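>>> What shape does this take:
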Amino acid sequence: MRANRAPAFLHLRTVRLMGHAGSDVESAYRTQAEIITDYNRDPVLCTARLLIQEGKLTPSQVLDMYEAKRAEVAAAAETAVARPKLASAAEVMAPLRTSTVEAPTVSVSGTLAQGVNQALSALLESPDVLVFGEDVARKGGVYGVTRGLVKKYGPARVFDTILDEQSILGMALGTSMTGFLPIAEIQYLAYLHNAADQLRGEAATMRFFTNGQYHNPMIVRIASYAYQKGFGGHFHNDNSITALRDIPGLLIASPSRADDAAAMLHTCAAA
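The predicted structure follows:
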C-alpha cells in the first residue's frame, strides 16, 4: 500500500473459538470433530509452535509467558470488579452534562438559510472550524446555505464528501477528537438513518464511557421538517425527529426563525 499508493485487499481465513457469546453452545450446531479441528488452528497455539520451531523460545518459556498473562488478566479482572458501580440516575447522567452557555445576540438579515450562512461564515473565522458534507462546497448546499464559503475559506476548510452519511459522521467524530470543531451536514433528515449509529453508539456515548475524559464537540446540521410535494418520496420527506430526540447525550437545536437559527448555531459552537 505504501509503495504503490493504492488500497490492498486481504482475504483471510481464521477460526472463531468458543462461540459467539457465553450463551452460544457450539455443540448444538457443530460436530465435535469440527470444533476440535478449529482448536488445532488456534492462532495462539500456532504462534507458540512457530516460535519454538524457529528456536526463539523453549516450550517452558512459552508456557511461562502464557501463565504470566493469565495471572495478569485475572488480577485486572479482580480490580475491575472491585471498583464502585454507578448507583443512581444522577451518576449515570453526570458525564453527559454540558456547561451552560449564554446564547449570543446575533444580528442577521434575510431568510433562515441566509442567517445560517452568515453564522457559518462567522464561525469559520476560527481556524479549527470545518464545514463538510454532500454538495456543501462547490454547489453551496442543496438550499444554498453554504454558498460562497469555499471561495472565502478554501477547500481545506469547506469541502464536499462522498455520498455516504456514515463517512460524513465518522469524519466528524474523528476530527472532533483531534482538536477541530466539525460542522457536518446531512442533506436530509431521512438520510440520517443510514448512519444513526455513528451518533447513537459512538458520538453520544463517548463522554459517558470515558467518564468525561474525552469530548467530541461536533455539530451536525440537517435540513428537515419542510415538505417538498412530489419530490423524492419518503427519502426526502421523512422527518423522524424522534430518531434523534431519544438519544441520551445528544443536544438538539430546532430553530424557527433566521435569527433563532444563527444564534443557536453560535450557541452550539460555544458549547
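>>> Would you quantify the distance from Leu51 to Ala94?
Look at Leu51 and Ala94: by Cβ to Cβ, to the nearest Å, they are 47 Å apart. Using the backbone N, CA and C atoms, a C-beta is placed for each residue, glycine as well.
>>> again, but for Arg5
For Arg5, the distance to Ala94 - Cβ to Cβ - is 47 Å.
>>> ok, these two, which is more surrounded?
Ala94 (14 against 6; other Cβ atoms under 10 Å).
>>> Not counting its neighbours along the chain, what's nearest the more buried one?
Of all residues not flanking Ala94 in the chain, Gly212 sits nearest, at 7.9 Å (Cβ to Cβ, 6 or more residues apart in numbering).
>>> Please report how far that neighbour lies from Glu91.
12 Å.
>>> just Gly22 next, same as before
For Gly22 relative to Glu91 (Cβ to Cβ), the value is 28 Å.
>>> same deal with Ala263?
33 Å.
>>> can you check Ala190 too?
36 Å.
>>> Of these two, give the one with the bigger neighbour count.
Neighbour comparison, Ala190 and Glu91: the larger count goes to Ala190, with 21 against 11 (by other Cβ under 10 Å).
>>> Make sure that one is actually in contact with Asn239.
Yes. The pair Ala190 / Asn239 is scored as a contact, 7.5 Å apart, by Cβ atoms under 8 Å.
>>> Now the residue most central in space within the chain: phi and psi?
When Cα atoms, centre = their mean is applied to the chain, the residue found nearest the centroid is Gln198 (4.0 Å). The phi/psi pair for Gln198 (degrees, to the nearest 10) reads phi -60, psi -30.
>>> cool, and Ile219?
phi -110, psi 130.
>>> Who are the contact partners of it?
Ile219 makes contacts with 181-184, 265, 268-269, as judged by Cβ atoms under 8 Å, 6 or more residues apart in numbering.
>>> ok, of these, which one's closest to Asn216?
Pro182 (9.4 Å; Cβ to Cβ).
>>> Let me know the pLDDT of the closest one.
Note for Pro182: predicted pLDDT of 98.
>>> do Glu125 as well
So Glu125 comes in at 96 (pLDDT).
>>> Check which helix or strand it maps to.
Secondary structure assignment for Glu125, by DSSP states H and E: no helix or strand.
>>> 28 is where my numbering starts, stick with that
Noted, 28 is the first residue going forward, which turns the last one into Glu152.
>>> Can you give me the neighbour number for it?
Residues near Glu152, counting by other Cβ under 10 Å: 9.
>>> for the stretch 178-298 of the chain, which spans come out with low pLDDT?
Scanning the stretch 178-298 of the chain for pLDDT under 70 picks out 254, 259-262.
>>> Please repeat the previous calculation with a cut-off of 50.
Within the stretch 178-298 of the chain, not a single segment meets pLDDT under 50.
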